[in-house]
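A.B. asks: Would you be able to build a 3D model of this:
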Amino acid sequence: MIFLQVGPEFIINRNTGGVIFEDLIPILIPLFFFAILSLPFLTDFGLMEFLGTLASKVFIKLFKLPGRSAVDAMSSWFGAASIGLLVTMQEYDKSYYSQREAAIIATTFSVTSIAFTYVVAKTIGVDNNFVFFYLTIALTGFIAATIMPRIPPLSLKPDTYHSGKCMLDEDIPAQYSMPQWALNRAVTRAYSMPDLGSVFKHSVKNLFDIYFGLIPIIFAIGTIGLGLAEYTPVFDWIAAPLVPVLDLLQIPEATKAAPAMIMGFADMYLPALVGKSIESEMTRFIVGAASITQIIYMSEVGALILKSNIKLNVLELFAIFIIRTLISLVVITSVAHLLY
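C.D. replies: Residues are numbered from 1 along each chain as shown. Modelled structure (predicted):
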């Protein structure tokens, strides 16, 4: 319909289906291609065992997660949120993560890449403060990652495994130091790898599953979400209770900022597009930073989570989105008041 420009304006408009068809999908197709083919190098050749062992104590205490989840976060920071999420989905299916752990990682560590963060900052007009912008996002993400696993709905998820039993053991034998055991596990994992032909065959199968099973879902959910934002007052209604919160935090132009923040649930780029018309630079800074730290947006990450075996529904995702938004607002606003 969008390609042929036949159908209701709600779907075929440049600001709805056009954004998904012309802007998002052309990025996702090559991104998924390289992500799927490179995933084995992240997960199957010892990197997760090495970093996981080194980070295990820190991650268990701070985030209630296995140390190997550090690789998921690293994949997101330097690649894209979807790459980190694909790693999480794969590790959950192999029973290295429990359902609770996978849900926490998917909704807490699937952060946006540094490159896309700069695009958002430039779009919303705060790229002149990009260093502080990114440091604020990093601080907010860290604080949210320590709080979210300890409160519902994530804390209520069961520690059950996809195959029925846990395949992960992060205990360090007494005769080894932590670095020695990390290297030992990494080398053992690398030696146990099947031949590259089998790895490539499995990756191609996953790639076709993504292209024909996931891309259409992203297309549909993204288009509908953007259509609701463009043609209906739904996001204004949902954002109404957020306005008093923004007023309480002394954020200028609260009535314009609130809907922009809620639109982040449909697509991460929407708050920047809507928020760039806000006059107050401080408010634009807050809206832009919040859109990155909210993490869950249905045009990509949300669709991936719903497609995965991680049992999270739309209502749970929205609840997590709102809680992350409130945490983000408190932290980001505190920093913004110091800057502006």
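
A.B. asks: alpha carbons only for contacts and neighbour counts from here, please
C.D. replies: Noted.

A.B. asks: isn't Gly84 right next to Arg68, touching?
C.D. replies: No: at 11.9 Å, Gly84 does not count as touching Arg68 under the criterion of Cα atoms under 8 Å.

A.B. asks: anything in contact with each of these two?
C.D. replies: Common neighbours of Gly84 and Arg68 are not found (criterion: Cα atoms under 8 Å, 6 or more residues apart in numbering).

A.B. asks: Quick check: chain neighbours aside, which residue is closest to Phe285?
C.D. replies: Val126 (6.1 Å; Cα to Cα, 6 or more residues apart in numbering).

A.B. asks: Now for the one you found, how many residues are close by?
C.D. replies: Residue neighbour count, defined by other Cα atoms under 10 Å, stands at 21 for Val126.

A.B. asks: who's in contact with it?
C.D. replies: Phe133, Glu281, Arg284, Phe285.

A.B. asks: Could you tell me the model confidence score at it?
C.D. replies: In this prediction, Val126 carries a pLDDT score of 93.

A.B. asks: Distance of it relative to Ala336?
C.D. replies: Per Cα to Cα, to the nearest Å, Val126 is found 12 Å from Ala336.

A.B. asks: try Tyr191
C.D. replies: 50 Å.

A.B. asks: got it, and Asp72?
C.D. replies: Per Cα to Cα, Asp72 is found 29 Å from Ala336.

A.B. asks: Among these two, which residue is more densely surrounded?
C.D. replies: Comparing Asp72 with Ala336 by other Cα under 10 Å, the one with more neighbours is Asp72, at 27 against 19.

A.B. asks: helix, strand or coil for that one?
C.D. replies: At Asp72 the chain is in helix, as set by DSSP: H, G, I helix; E, B strand; the rest coil.

A.B. asks: pretty sure it is touching Gly84, no?
C.D. replies: Yes: using Cα under 8 Å as the test, Asp72 is close enough to Gly84 to be in contact (4.5 Å).

A.B. asks: what touches both of the two?
C.D. replies: Contacts common to Asp72 and Gly84, judged by Cα under 8 Å, 6+ apart, are Phe109, Ser110.

A.B. asks: give me the low-pLDDT residue ranges for the chain?
C.D. replies: Where the chain drops to pLDDT under 70, the residues are 78-80.

A.B. asks: After whichever strand or helix holds Val287, which helix or strand is next? Please name it.
C.D. replies: Here Val287, judged by DSSP states H and E, is contained in helix 281-293. Downstream of helix 281-293, the first helix or strand assigned by DSSP H and E is helix 301-307.

A.B. asks: For that following helix, which helices and strands make contact with it?
C.D. replies: Contacts defined by 3 or more Cα pairs under 8 Å, 6 or more residues apart in numbering; DSSP states H and E place helix 301-307 against helix 81-93, helix 215-231.

A.B. asks: middle-most residue in the protein, spatially?
C.D. replies: Most central in the chain under Cα atoms, centre = their mean is Ser110, positioned 3.1 Å from the mean C-alpha point.

A.B. asks: Is the residue of the chain most remote from its centre in a helix, a strand, or coil?
C.D. replies: Going by Cα atoms, centre = their mean, the residue of the chain most distant from its centre is Gln175, 38.6 Å out. Secondary structure of Gln175, reduced to three states by three-state DSSP: coil.

A.B. asks: Over to it: give its phi and psi.
C.D. replies: Dihedral pair for Gln175: phi -80, psi 0, per degrees, to the nearest 10.

A.B. asks: how many neighbours does Val111 have?
C.D. replies: 33.

A.B. asks: ok, it to Met298 distance?
C.D. replies: The value you get for Val111 to Met298, if Cα to Cα is used, is 14 Å.

A.B. asks: So in the protein, which helix runs the longest?
C.D. replies: helix 314-339 (DSSP state H).

A.B. asks: which ones are touching Leu168?
C.D. replies: Ser95, Tyr96, Tyr97.

A.B. asks: Try it again at 10 Å.
C.D. replies: Applying Cα atoms under 10 Å, 6 or more residues apart in numbering to Leu168 gives the contacts Glu49, Pro66, Arg68, Lys94, Ser95, Tyr96, Tyr97, Ser98.
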